[in-house]
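Asks: Could you work out the structure for the sequence below:
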Amino acid sequence: MTADHYEFETKPFSHQKVTFLKTADWPAYGLFWEQGTGKTKAIIDTAAFLYEQGEIDTIVVVAPNGVHRNWITDEIPVHMPKRHAPTTRMMFWESKRTKTIAHRRQLADVVNHNGLRILTMNYEALLTEAGLKALGQMFTNHDVLLVFDESHYLKTPGAKRTKRAVALAKKAKYRRILTGTPIANSPFDAYSQLRCLDADYWKQHGFGVFSTFKAHFGIFRKGYNGSTGREFDQCVGFRRLDQLKGMIDPVTSRVTKDVVLDLPPKLYQRRFFELTPEQKRVYSEIKNQAIALLDSGDTVTAALVLTRILRLQQITCGFVPTDEGTPAFETFGGNNPRLDLLEEICDGLGHSAIIWGRFRRDIDLIMERLGDRAVRYDGAVSDDDRQKAKERFQAGDVQFFVGNPAAAATGLTLHRARTVIYASNSFKLTDRLQSEDRAHRIGQDNQVVYIDLIAPGTVDEHIVRALRTKKDIASELTGDELKEWI
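Replies: Take a look at the predicted model:
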């Protein structure tokens with residue numbers, strides 16, 4: 001069977017199909033496609049085709065923490081042909097559960113499966129003995145398609161993570177790298193990423209070592225460190241970029257949303273993070289209190305239900321709930337996985353974005369993280385400052401607009417944004433719908449990506465599911481449903 005005869009589970013967009021037909025059987029290729037243009041589906045189609053051809057029996061995906069989970073929960077179930085479901089075993093790596101019997105059994109089931117094996121793993125696992133051991137098992141006597149998602153994480157040649165990724169790539173029969181920001185900081189970022197496609201790629205072009213590559217494409221001047229009294233080589237610019245592009249183009253493709261005409265206007269994504277042990281402990285306490293209340297036989301009002309859900313949501317946001325009517329406060333020792341994930345997403349964006357937070361404390365902490373890259377729009381700033389914030393964002397003076405949907409969900413045009421991130425959600429459907437439309441309105445020429453941050457196994461999942469199916473939580477949630485939610 002040739003790629004022309006492959007039966008897609010979901011209809012590809014034109015750029016996905018063109019790339020698939022051209023590269024489906026290539027040993028190595030890179031998709032430098034902008035966020036929201038469908039990189040993951042394109043790779044799933046390639047993987048399914050190679051499996052049907054008998055070329056591979058194993059897929060290993062290495063991705064940022066949380067993204068690796070999405071492959072298993074959101075992407076593969078949708079785009080992998082259903083005809084392969086009976087012969088497929090898959091799992092996502094959970095670093096904190098690697099010593100548990102259940103995790104070990106699940107891994108063994110995937111490794112020993114006589115069919116298509118799929119393991120997705122976060123980049124941090126490359127630095128652990130447990131992760132390396134699992135990868136060794138997945139690669140032994142198996143034909144592997146290895147995928148590095150968000151491959152810009154491997155831009156530093158001397159980093160242990162990068163070295164292990166390159167070594168792993170040498171063992172794979174097929175290799176793919178994916179990122180929307182291949183050279184986010186400098187053209188030097190391309191060096192390690194392409195070595196994950198072919199360890200000798202740059203050697204074939206005369207750049208066997210990174211220092212030679214930098215000297216050829218960089219412009220350096222002597223700098224002076226006053227504290228040490230030593231001179232150093234300082235990169236002040238780049239050169240020969242057309243030559244570099246000519247070397248990269250044969251094994252990669254670049255797609256941006258502004259040139260893809262058949263994309264849907266909105267794309268929804270979920271990004272996951274794990275609560276800290278302390279958060280889990282407090283969450284469990286509040287959850288057990290709520291269950292005990294339900295089991296007591298006392299009347300449970302809608303207001304009480306919402307209060308319990310609110311308290312649990314605050315914990316996932318990094319706050320400890322206090323007595324009724326008093327503000328929540330942060331007390332997890334400065335550790336906030338939700339904000340860590342948010343910052344990671346922001347650092348990988350090359351365009352403007354809106355960030356919505358339900359709680360004022362959310363916005364306080366987000367502003368502390370983003371600093372002068374962001375403007376604030378909520379009840380903590382004056383009307384004049386709000387107007388200035390909007391104008392600065394729309395003018396491109398700052399990259400991020402951070403607001404509260406209750407204060408900014410209506411009447412604003414923020415079509416400069418191409419990504420909208422919900423750090424936390426309001427329970428009101430109107431807040432969600434109106435806040436989505438701040439970016440998606442007349443004047444918006446690009447697809448808009450909406451990202452919800454979720455702690456798995458918590459009320460976050462229920463809140464996002466309800467809002468995306470257009471349910472107003474405040475008016476529909478009843479006491480009978482509280483157990484299901486928590």
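Asks: In the stretch 101-250 of the chain, where is pLDDT below threshold?
Replies: Applying pLDDT under 70 to the stretch 101-250 of the chain picks out residues 226.
Asks: before we move on, what about the stretch 301-450 of the chain?
Replies: Looking at the stretch 301-450 of the chain by pLDDT under 70, you get 302, 321-333, 408-411, 440-446.
Asks: Could I get the full set of strands for it?
Replies: Remark: strands of the stretch 301-450 of the chain, listed N- to C-terminal, are 319-320, 329-330, 353-356, 374-377, 400-403, 419-422, 448-454; assignment by DSSP state E, counting those that start in this stretch.
Asks: could those strands be laid out in CSV, adding mean neighbour count and distance to Gln289?
Replies: C-beta: built from backbone N, CA, C; applies to glycine. CSV is the format used below for the strands of the stretch 301-450 of the chain (neighbours: other CB atoms under 10 Å; distance: least, CB to CB, whole Å):
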stretch, mean neighbour count, distance to Gln289
strand 319-320, 20, 14
strand 329-330, 14, 19
strand 353-356, 26, 29
strand 374-377, 22, 34
strand 400-403, 27, 33
strand 419-422, 24, 27
strand 448-454, 24, 23
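Asks: so which of those gets nearest Ile286?
Replies: Smallest distance to Ile286 across the strands of the stretch 301-450 of the chain (CB to CB): 9.4 Å, for strand 319-320.
Asks: Neighbouring strands - and their directions - for the closest one?
Replies: As defined by DSSP bridges, the strand partners of strand 319-320 come to strand 329-330 (antiparallel).
Asks: that older thread, mind checking which of the strands of the stretch 301-450 of the chain is nearest Ala48?
Replies: Closest among the strands of the stretch 301-450 of the chain, once you apply CB to CB, is strand 448-454, at 24.6 Å.
Asks: Give the partner strands of that closest one in its sheet and their orientations.
Replies: For strand 448-454, the paired strands and their directions (DSSP bridges) are strand 266-272 (parallel), strand 419-422 (parallel).
Asks: Could you export those strands as CSV, including distance to His113?
Replies: Converted to CSV, the strands paired with strand 448-454 look like this (distance: least, CB to CB, whole Å):
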stretch, distance to His113
strand 266-272, 25
strand 419-422, 37
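Asks: mind checking which of those is nearest Val464?
Replies: Ranking those by distance to Val464, with CB to CB as the measure, places strand 266-272 first at 6.9 Å.
Asks: Quick one: mean pLDDT over the closest one.
Replies: Within the predicted structure, the mean pLDDT of strand 266-272 is 89.
Asks: by contact count, what packs against the helix ranked longest in the chain?
Replies: Here the longest helix in the chain is taken by residue count, with DSSP state H as the criterion, and it is helix 277-295. Secondary-structure packing of helix 277-295 (3 or more CB pairs under 8 Å, 6 or more residues apart in numbering; DSSP states H and E): helix 302-316, helix 479-485.
Asks: what comes up buried for that helix?
Replies: 279-280, 282-283, 286-287, 290, 293-294 (16 or more other CB atoms under 10 Å).
Asks: Could you point out the member of these that lies closest to Glu344?
Replies: Gln279 (18.1 Å).
Asks: how far away is the closest one from Arg83?
Replies: Using CB to CB, to the nearest Å, Gln279 is found at 41 Å from Arg83.
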